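**Student:** pasting the sequence and the predicted coordinates here, then a few questions.
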Amino acid sequence: MIIDKSGFLLMAGTLAAGGVGGWLVHDSKARHRVDEVPVTTATASAVPVAAPVVVVDQTPPPPLCDDSIGTPEDCPAVGPSDEGVCSNVAAKRCGEFKSAFKPKVAAAAVSCLRHLKGNELCDPARVNLCGHAALMAACPEPTPPPAGNGVNAANGISAANGAPTNGAAVSAPSSPVTLACENILKSCANQPLGPTAADCRQTLSGMSDFGRASMIECMTTHCGDKGLLGCEAMKKP
């Protein structure tokens, strides 16, 4: 078999060129696929951020202060050995505490009287201290709600019918304690050592309506000599 040398060389060169060309085409396609792969870069938004911690206060609200609940015990009595020597001031004042104080305040004052021993029951100052301590521990008088006519004082709109009120603010009505203390402070206006509004409110907050009326009458004539402490739970003459 005779092979033409020039033809063989030409064929070999063609095959070699085709192989190189095919490899170049394949390589270019491969590079093209690689170039099409998206390159992601880390950004600040990709970093996970911890959620804020919300602390919920689960502390229960304090119990509502209410002096209208309670029943005073029986008043103490002076024993036979003290009759004729000690006037029954404890029993007398005990009855006044019950009528002039709110139930829970009266219960505290009477309990204090029942724990007095011997001559303590004969000492007016010590007996009166039981009533005063109970009043000082009484619940503050609650602030009354605004006038019950459905008026929004902030924008002057009636909540009931939506009618404008010309922006007139509706003030809250005065409480019985506030009214009583206003009368007492007027009575003591000319006294050098008259009571303060804060002392008056605390003293009268633990009293019944009868007790407050008695305080007004007592302070009208005895602001200078008895004062709030001396007029506590004193019955009207």
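**Tutor:** Happy to help now that I have it.

**Student:** contacts only, for K226.
**Tutor:** C218, M219, M234 (Cβ atoms under 8 Å, 6 or more residues apart in numbering). Placement of C-beta: from N, CA and C, glycine included.

**Student:** I'd say the second one and Q191 touch.
**Tutor:** No. Distance between M219 and Q191: 9.7 Å, which falls outside the contact criterion (Cβ atoms under 8 Å).

**Student:** between these two, which one's more packed in?
**Tutor:** Between M219 and Q191, M219 has the larger neighbour count (other Cβ atoms under 10 Å), namely 28 against 14.

**Student:** leaving out the residues flanking it, which one is nearest to the more buried one?
**Tutor:** I184 (4.6 Å; Cβ to Cβ, 6 or more residues apart in numbering).

**Student:** check what pLDDT that neighbour gets.
**Tutor:** For I184, the pLDDT comes out at 95.

**Student:** what's the neighbour count on it?
**Tutor:** So I184, with other Cβ under 10 Å, has 24 neighbours.

**Student:** test my guess that it contacts D199.
**Tutor:** No. The pair I184 and D199 does not pass the contact test of Cβ under 8 Å, sitting 10.1 Å apart.

**Student:** for K92, give me its contacts.
**Tutor:** By Cβ under 8 Å, 6+ apart, no residues touch K92.

**Student:** so where do the strands sit in this structure?
**Tutor:** Ranges of strands in the chain, per DSSP state E, are 151-152, 157-158.

**Student:** pLDDT of the first one, averaged?
**Tutor:** Across strand 151-152, pLDDT averages out at 46.

**Student:** with stretch 86-104 instead?
**Tutor:** The average pLDDT within stretch 86-104 is 91.

**Student:** and it, which residues are buried?
**Tutor:** 86, 88-91, 93-94, 96-98, 100-104 (16 or more other Cβ atoms under 10 Å).

**Student:** what's the closest of those residues to T59?
**Tutor:** K104 (24.9 Å; Cβ to Cβ).

**Student:** could you report the distance from that closest one to G211?
**Tutor:** Look at K104 and G211: by Cβ to Cβ, to the nearest Å, they are 14 Å apart.

**Student:** and what of N183?
**Tutor:** For N183, the distance to G211 - Cβ to Cβ - is 14 Å.

**Student:** also K98?
**Tutor:** Going from K98 to G211 by Cβ to Cβ gives 10 Å.

**Student:** quick check: pLDDT value at the nearest residue to C86 once chain neighbours are set aside.
**Tutor:** Nearest residue to C86, sequence neighbours excluded (Cβ to Cβ, 6+ apart): C122, at 3.5 Å. On the pLDDT scale, C122 is placed at 88.

**Student:** which residue packs closest to C200, ignoring adjacent ones?
**Tutor:** Nearest one to C200, counting by Cβ to Cβ, 6+ apart, is C181 at 4.0 Å.

**Student:** where does this structure have low pLDDT?
**Tutor:** 1-50, 57, 60-63, 78-85, 87, 143-173, 236-237 (pLDDT under 70).

**Student:** which residue ranges of it form helices?
**Tutor:** Counting by DSSP state H, the chain has these helices, from start to end: 5-36, 89-100, 103-114, 124-136, 176-187, 197-205, 209-222, 227-231.

**Student:** next, the buried residues of the last one.
**Tutor:** Same thing as helix 227-231. Buried, per 16+ other Cβ under 10 Å, within helix 227-231: G227, L228, C231.
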